[in-house]
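Visitor: could you work out the structure for the sequence below:
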Amino acid sequence: MTLTTVFTYVAIAAVVLTLLTEFVFKARKNWITTYFQHFTGALFIFSGAVKAMDPLGTAYKMEQYFAEFKYTFEETWMSFIAPLFPVLSDYSISFSVFMIVLEIVLGIALIIGSRPKLTSWVFFLLVFFFTFLTGFTYLNGHVPQGANFFEFGKWDTWVESNMKVTDCGCFGDFLKLKPKVSFYKDLFLMIPAIWFLFQFKDFHRWFSPKQRGGLLGLSTLGLLIYCLSNFVWDIPGKDFRPFKVGADIRTTRQIETDAQAAVQVIAYKMTNKKDGKVVEMPYAQFLKEYSSYPKADWSYEQIKTEPTIEATKISEMSITDADGNEMVEEILEDPNYSFMLVSYKLYGTPKSEEITQTIPVYSYDTIPSTEKEGEFVIEKKLAGNETKTVQEVTYDWEEDFEGIYRDKVNPFADAAQAAGFKVFGVAGGAGATMIEHFRHATQAAYPIYEADDILLKTIVRSNPGIVLMKDGKIVMKWHKKKLPTFEEVKQQYLK
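Guide: Numbers count the residues shown, from 1 in each chain. Okay, the predicted model is just below:
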């Protein structure tokens, strides 16, 4: 589905609702205002609904934005703002739920005409906020590597790879929009947003004030419970990500890899750094004339053919063991059932402890050989022991997190291994030392590999989460609170 398709369906829904307002509720005051109410309301309800199915996805996107804002502001005179963003990142899940519920409730308020002036201002401020986010993301394409967003003099030709956040998350994982498209979409929505500020008195209204208030109140409560059900108590009921249940990861990975390998450079676009002059020429011609465009004076941009299939996180999938060996092929090529225990983050706080070690001290003497006359050998003797104090890093593990592994995940893993099934863990960006400490702390009798935390967040929306795989395919996934017993899994899935 494309944005054009979404807008088409929303526009049709807005026409139906407008006719309903005219002929059933008889509440229309102004055709344009009523249509704008229904169009923007339906769009916000749809946009919020697909995100409500996966609130963690929106939270992770917010974390990306906060990280980028921190990096951007800490190198400017506004650096005092930068420490705020890591704090905000800690509450990204709460912000996610709040924004999703607000977006849908606002959409309902627009359709039924609740509190016109307040609704108009909230809508305007929200669209303005979205426009700022998508505009910042898109315009980062003009910021070359090593430059700051606010160093406008260093801005160059727009390059997609310069953008740190490549998707605004406006429609969650249901529909990925390039930042440019998202930015233009929000600029378009500023039209009804500004219109409402001056025409809110023309809002149509459905139902009585009490009924409208009751509907919004019940909607808020119901949406809050629904959002929480999709990450606190269980994984999302609807999965739009590439690692959904039933996905053939091995085949998809190969297809995406082949598609990327088939991409060809067909031309080069050069931009003069001084006067902005742009020259574009076919690849073959560029190979002959590139010396006429020195990199000191010109910036280069390759123009490539589009891959037949767009790459997903599956193409970036990388899982390594403690020695740095890539394990993805081994995992995906396994024809048998296996259990992958995923934790995008190990919740442990490092601490340094003084450890006293007893080290043996030896003396060495040269003595005559007892085997060959006239030769000498070196004899090693224990002279005593030496006590040495060293600093060793250990971890204080979050009690609830450690308890989930110790009391629920690891007993499941032990039962699976005892039945002859492969079990392995994957932790996000923890490092070999931290992983080894965690294995000992939880008495994990299986290897734990390492991977990028964003990849693991994409695979399963639970920390930890359990993924059942077979022959490169995802058979089933479980939330930490919905993990059945191994016997139940065996009877239902291991056939």
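Visitor: quick one: contacts for the residue lying closest to Glu75 once chain neighbours are set aside?
Guide: Distances taken as Cβ to Cβ, 6 or more residues apart in numbering place Asn148 nearest to Glu75, at 5.0 Å, with adjacent residues excluded. C-betas here are computed from N, CA, C, even on glycine. Contacts for Asn148 (Cβ atoms under 8 Å, 6 or more residues apart in numbering) come out as Thr72, Glu75, Thr76, Lys154.
Visitor: let's see if you can find the most crowded of the residues you listed.
Guide: When the contacts of Asn148 are compared by neighbour count (other Cβ atoms under 10 Å), Thr72 ends up highest, at 20 neighbours.
Visitor: show me where the stretch 1-150 of the chain has helices.
Guide: Using DSSP state H, counting those that start in this stretch, the helices of the stretch 1-150 of the chain run over 3-23, 31-52, 55-73, 84-90, 92-112, 116-139.
Visitor: no wait, the stretch 201-350 of the chain
Guide: 209-229, 249-261, 283-289, 328-333.
Visitor: could the ones you listed be laid out in TSV, adding mean neighbour count, distance to Tyr362 and mean pLDDT?
Guide: Listed next are these as TSV, based on neighbours: other Cβ atoms under 10 Å; distance: least, Cβ to Cβ, whole Å; pLDDT from 0 to 100:
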stretch	mean neighbour count	distance to Tyr362	mean pLDDT
helix 209-229	14	64	96
helix 249-261	16	55	93
helix 283-289	12	67	90
helix 328-333	15	44	96
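Visitor: nearest to Ile331, out of the helices of the stretch 1-150 of the chain?
Guide: Smallest distance to Ile331 across those (Cβ to Cβ): 23.1 Å, for helix 55-73.
Visitor: any idea of the mean pLDDT for the closest one?
Guide: The pLDDT scores in helix 55-73 average 90.
Visitor: now do stretch 231-247
Guide: Rounded mean pLDDT across stretch 231-247 is 93.
Visitor: outside of it itself, list whatever touches it.
Guide: Contact with stretch 231-247 is made by 50, 53-57, 93, 172-174, 230, 249, 252, 312-314, 458-462, 465, 473-479, 481-482, as judged by Cβ under 8 Å, 6+ apart.
Visitor: are any of those buried, and if so which?
Guide: If you count burial by 16 or more other Cβ atoms under 10 Å, the buried members of those come out as 50, 53-57, 93, 172-174, 230, 249, 252, 312-314, 458-462, 465, 473-479.
Visitor: I'd say Ile459 and Val467 touch.
Guide: Yes. With contact defined as Cβ atoms under 8 Å, Ile459 and Val467 form a contacting pair (6.4 Å).
Visitor: list the residues that contact both of those two?
Guide: Met340, Val342.
Visitor: C-terminal to the helix or strand where Ala416 lies, what's the next element?
Guide: For Ala416, the element it lies in under DSSP states H and E is helix 410-418. Remark: after helix 410-418, the chain's next helix or strand is strand 422-428, criterion DSSP H and E.
Visitor: now do whichever helix or strand comes after that next one, average pLDDT.
Guide: Using DSSP H and E, the next helix or strand after strand 422-428 towards the C-terminus is helix 432-442. What helix 432-442 shows for mean pLDDT is 92.
Visitor: tell me which residues are up against helix 432-442.
Guide: By Cβ under 8 Å, 6+ apart, helix 432-442 touches 322, 346, 348, 350, 393-395, 397, 402, 405-406, 410, 427, 430, 444, 448, 450.
Visitor: of the residues you listed, grab the buried ones for PyMOL.
Guide: Here is the PyMOL command that picks out the buried ones among those, judged by 16+ other Cβ under 10 Å:
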select buried, resi 346+348+395+397+402+405+410+427+430+444+448+450
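Visitor: the contacts of helix 432-442 in strands, which ones?
Guide: Gly348, Pro350, Val393, Thr394, Tyr395, Trp397, Ala427, Ile448, Glu450 (DSSP state E).
Visitor: CA atoms only for whichever strand or helix holds Ala383, dumped as PDB, please.
Guide: Take DSSP H and E as the rule and Ala383 turns out to sit in strand 376-397. The C-alpha coordinates for strand 376-397 follow below in PDB (Å, rounded to 0.1, in the frame of the first residue of the first chain):
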ATOM      1  CA  PHE A 376      72.900 -28.200  32.700                       C
ATOM      2  CA  VAL A 377      69.200 -27.600  33.000                       C
ATOM      3  CA  ILE A 378      67.000 -25.000  34.600                       C
ATOM      4  CA  GLU A 379      65.000 -26.100  37.600                       C
ATOM      5  CA  LYS A 380      61.800 -24.400  38.600                       C
ATOM      6  CA  LYS A 381      60.900 -24.300  42.300                       C
ATOM      7  CA  LEU A 382      57.900 -22.900  44.200                       C
ATOM      8  CA  ALA A 383      59.300 -20.100  46.400                       C
ATOM      9  CA  GLY A 384      56.000 -19.000  47.900                       C
ATOM     10  CA  ASN A 385      52.800 -17.100  47.200                       C
ATOM     11  CA  GLU A 386      52.200 -13.500  46.500                       C
ATOM     12  CA  THR A 387      48.900 -11.700  47.300                       C
ATOM     13  CA  LYS A 388      47.700  -9.200  44.700                       C
ATOM     14  CA  THR A 389      44.600  -7.000  44.600                       C
ATOM     15  CA  VAL A 390      43.000  -6.300  41.200                       C
ATOM     16  CA  GLN A 391      39.900  -4.500  40.000                       C
ATOM     17  CA  GLU A 392      37.300  -6.700  38.400                       C
ATOM     18  CA  VAL A 393      34.100  -5.600  36.700                       C
ATOM     19  CA  THR A 394      30.900  -7.300  37.800                       C
ATOM     20  CA  TYR A 395      27.200  -6.500  37.300                       C
ATOM     21  CA  ASP A 396      24.200  -5.800  39.400                       C
ATOM     22  CA  TRP A 397      21.300  -7.300  37.500                       C
END
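Visitor: other residues contacting that strand?
Guide: 346-369, 433-434, 437-438, 441-442.
Visitor: what comes up buried for that strand?
Guide: Of the residues in strand 376-397, Tyr395, Trp397 count as buried by neighbour count, 16+ other Cβ under 10 Å.
Visitor: so, low pLDDT: which residues of the stretch 301-450 of the chain?
Guide: Within the stretch 301-450 of the chain, no stretch has pLDDT under 70.
Visitor: then the stretch 101-250 of the chain?
Guide: Along the stretch 101-250 of the chain, no part satisfies pLDDT under 70.
Visitor: ok, 80 please
Guide: Applying pLDDT under 80 to the stretch 101-250 of the chain picks out residues 145-146, 156-157, 159-162, 164-166, 168.
Visitor: coming back round to it: what comes into contact with the helix holding Ala416?
Guide: With Cβ under 8 Å, 6+ apart as the test, helix 410-418 has contacts from 339, 341, 423, 442-446, 466, 483, 485-487.
Visitor: just stretch 215-224 next, same as before
Guide: Residues contacting stretch 215-224 (Cβ under 8 Å, 6+ apart): Ala52, Val97, Ile100, Val101, Ile104, Val105, Ile108, Ala109, Ile112, Ser114, Phe207.
Visitor: from what I can see the third one touches Gly48, true?
Guide: Yes. In this structure, Ile100 is within contact of Gly48 by Cβ under 8 Å, at 5.3 Å.
Visitor: break this protein into its domains for me.
Guide: As given by automatic domain parsing, the domain ranges for the chain are 3-229, 264-304, 319-347+398-492, 352-394.
Visitor: buried members of the contacts of strand 376-397 into PyMOL, please.
Guide: The following PyMOL line selects those of these that are buried, judged by 16+ other Cβ under 10 Å:
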select buried, resi 346+348+434+437+438+441+442
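Visitor: any chance of the contacts of Asn148 in TSV, with distance to Glu373 too?
Guide: TSV is the format used below for these (distance: Cβ to Cβ, whole Å):
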residue	distance to Glu373
Thr72	80
Glu75	77
Thr76	82
Lys154	81
